[in-house]
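>>> what would the 3D arrangement of this be:
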Amino acid sequence: MRLLIVTLCLAGFSLFPAHAAERVDYGPRPLFLIDQMQPSALKDKLLSCRGQQPKRSTFSIGHRGAPLMFPEHTVESNKAAARMGAGILECDVTFTLDKELVCRHSQNDLHTTTNILSSPLASRCAKPFEAATGDNPAAAECRASDITLAEFRTLTGKMDAANKSATTVADYMDGTLNWRTDLYAASSGTLMTHADSITLFKSLGAKFTPELKSPAVEMPFKGFTQAHYAQKLIDEYKAAGIPPEDVWPQSFNLDDILYWISQEPAFGRQAVYLDGRYGDDNFDPNNASTFEPSMTDLATIGVRYIAPPMWVLVTTQGDQIIPSAYAKAAKAAGLKIITWTLERSGPLQNGGGWYYQSITPLTNNDGVMFELLHVLAQQVGVVGVFSDWPATVTYYANCMGLE
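Just a heads-up that it's a prediction; the model follows:
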């Protein structure tokens, strides 16, 4: 019997259903963070949940999988996210030279997220590797659109990083931040097409949030228009028989959102407008007059979901984190709010950096993650949180009874 089981496993047969294999497990990190919190009713509540049975939650969204420790947008990263209870997983969608959709955070990130520079495809890069010299940092630019899908499949994912002081390709690729790790990237990093991600996420029991990324090439690209691009993303869910209610397509481009609303209304109902207006010079999350278009205008044209970064949704009042004017306006307009990205900033002892910029004075330890998460969930009313380590959000969601 033992020989039969080993033979079946080696042949690729699973002895357990896919969903049963992906049992949710928090691991040690949520309680590690809770231990760092100052005494409070919230800390007591979170500690009271430490013996609960973990379960998957759609409030917990895997941001490119679990890239705090695994190479982003890889099979391994998304399996890790699912095992931490992420109920929704993300594929950032871009395209290859032959116009096939693949999972990459941007069309021109292969030089930092894969081994392309050390592969035979290095010469195909839009900008081959240049060593650091004097005041000029090391540089490269390798696009998914530089290579075909078949060539893309020969690459291996790595932790997203680059050593800008490098004089060799090997040193350039060895730039992982010291609060991340190359441990899980050393022996695996399986890249995915968008269609692959649909199959994988379905097998893991998760739902889907693909992001249509801005092209790094001029559109139309070989006859491939932005509308073709947006439509192809939806068509791959249709081909896989995925119900529209299980898909939250995203884009920073409002025109993409409006395309889905008008041309694919079943999917457009859950289209997520990734709000990049925080980059505008006059934008102030605490002054509603700087929101153009207004939240009401967005709701009027059919937008139902909006997704800004976490710092846009909160501000401080004394020693308290409170909702910003942006959060209040979005809620008043009836918009559902998703936010990003928890567990992406590294240690928070020194203010937390970009994602915590609106609450920097209150950000002095890693336990602040749960304090911020609590305000986002209970006062702002977000319906989902992207995280680079989904166990943290899953633990909170389970403890507070969020589905």
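
>>> what's the burial count for the closest residue to Glu211 other than its chain neighbours?
Once flanking residues are discounted, Glu211 sits nearest to Gln250: 4.1 Å by C-beta to C-beta, 6 or more residues apart in numbering. All C-beta atoms are positioned from the backbone trio N, CA, C, and that covers glycine. By the measure other C-beta atoms under 10 Å, the count of residues near Gln250 is 24.

>>> got the phi and psi for Gln250?
phi -120, psi 160 (degrees, to the nearest 10).

>>> got a list of what it touches?
By C-beta atoms under 8 Å, 6 or more residues apart in numbering, the contact set of Gln250 is Thr209, Pro210, Glu211, Leu212, Ala271, Val272, Tyr273, Leu274, Ala307.

>>> that one and Ala216: what is the separation?
Separation of Gln250 from Ala216 (C-beta to C-beta, to the nearest Å): 18 Å.

>>> what's the longest strand in the protein?
strand 86-95 (DSSP state E).

>>> which strands or helices does the next helix or strand after that one pack on?
Note on strand 86-95: by DSSP states H and E, the next helix or strand toward the C-terminus is strand 101-103. Strand 101-103 is packed against strand 86-95, helix 194-203, helix 226-239, with contacts defined by 3 or more C-beta pairs under 8 Å, 6 or more residues apart in numbering; DSSP states H and E.

>>> what sits up against strand 101-103?
73, 91-96, 144, 149, 152, 191-197, 232-233, 236.

>>> would you map the helices across the stretch 251-400 of the chain?
254-263, 265-268, 295-300, 325-332, 368-375, 391-400 (DSSP state H, counting those that start in this stretch).

>>> what does the stretch 101-250 of the chain give?
So, for the stretch 101-250 of the chain - with DSSP H, counting those that start in this stretch - the helices run 110-113, 149-152, 169-173, 194-203, 226-239.

>>> quick one, grab the pLDDT at the residue nearest to Arg143 when sequence neighbours are not counted.
The shortest distance from Arg143 to any non-neighbouring residue, by C-beta to C-beta, 6+ apart, is to Asn108 (4.5 Å). Asn108 is assigned 98 on the pLDDT scale.

>>> how many other residues sit next to Asn108?
23.

>>> got it, and the one 3 residues further on?
Here the neighbour count serves as a burial measure; for His111 (other C-beta under 10 Å) it reads 24.

>>> just Leu335 next, same as before
Leu335 has 19 neighbours, counted by other C-beta under 10 Å.

>>> any idea how far Arg304 is from it?
Applying C-beta to C-beta to Leu335 and Arg304 gives a distance of 7 Å.

>>> overlap in contacts of the two?
Contacts common to Leu335 and Arg304, judged by C-beta under 8 Å, 6+ apart, are absent.

>>> just so I know, which of the helices of the stretch 101-250 of the chain lies nearest Ala391?
helix 194-203 (17.7 Å; C-beta to C-beta).

>>> residues making contact with that closest one?
18-19, 75, 78-79, 82, 89, 91, 93, 101-103, 192, 207-208, 210, 233, 236-237, 239-240, 242.

>>> so which bits of that helix are buried?
Across helix 194-203, burial judged by 16 or more other C-beta atoms under 10 Å covers His194, Ala195, Asp196, Ser197, Ile198, Leu200, Phe201, Lys202, Ser203.

>>> could you dump those residues into TSV with pLDDT and distance to Thr339 added?
Below are these laid out as TSV (pLDDT from 0 to 100; distance: C-beta to C-beta, whole Å):
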residue	pLDDT	distance to Thr339
His194	98	24
Ala195	98	28
Asp196	98	27
Ser197	98	22
Ile198	98	24
Leu200	98	25
Phe201	98	21
Lys202	97	25
Ser203	97	27
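
>>> can you mark which positions in stretch 46-65 are buried?
By 16+ other C-beta under 10 Å, the buried positions in stretch 46-65 come out as 46, 49, 54, 56-65.

>>> coming back round to it: the residue nearest to Glu211 pairs with what?
According to DSSP bridges, the partner residues bridging Gln250 are Glu211, Val272.

>>> looking at the helices of the stretch 101-250 of the chain, which one is packed in the most?
Most buried of these by mean neighbour count (mean count of other C-beta atoms under 10 Å) is helix 110-113; its value is a mean of 25.

>>> tell me the centre residue of this structure?
Nearest to the centroid of the C-alpha atoms of the chain, with distances taken as C-alpha atoms, centre = their mean, sits His63, at 2.2 Å.

>>> which pair in the buried residues of stretch 46-65 has the greatest spatial separation?
Between any two of the buried residues of stretch 46-65 (C-beta to C-beta), the greatest distance is 27.0 Å, for Cys49 and Arg64.

>>> what about Ile242, distance to Trp389?
In terms of C-beta to C-beta, Ile242 sits 26 Å off from Trp389.
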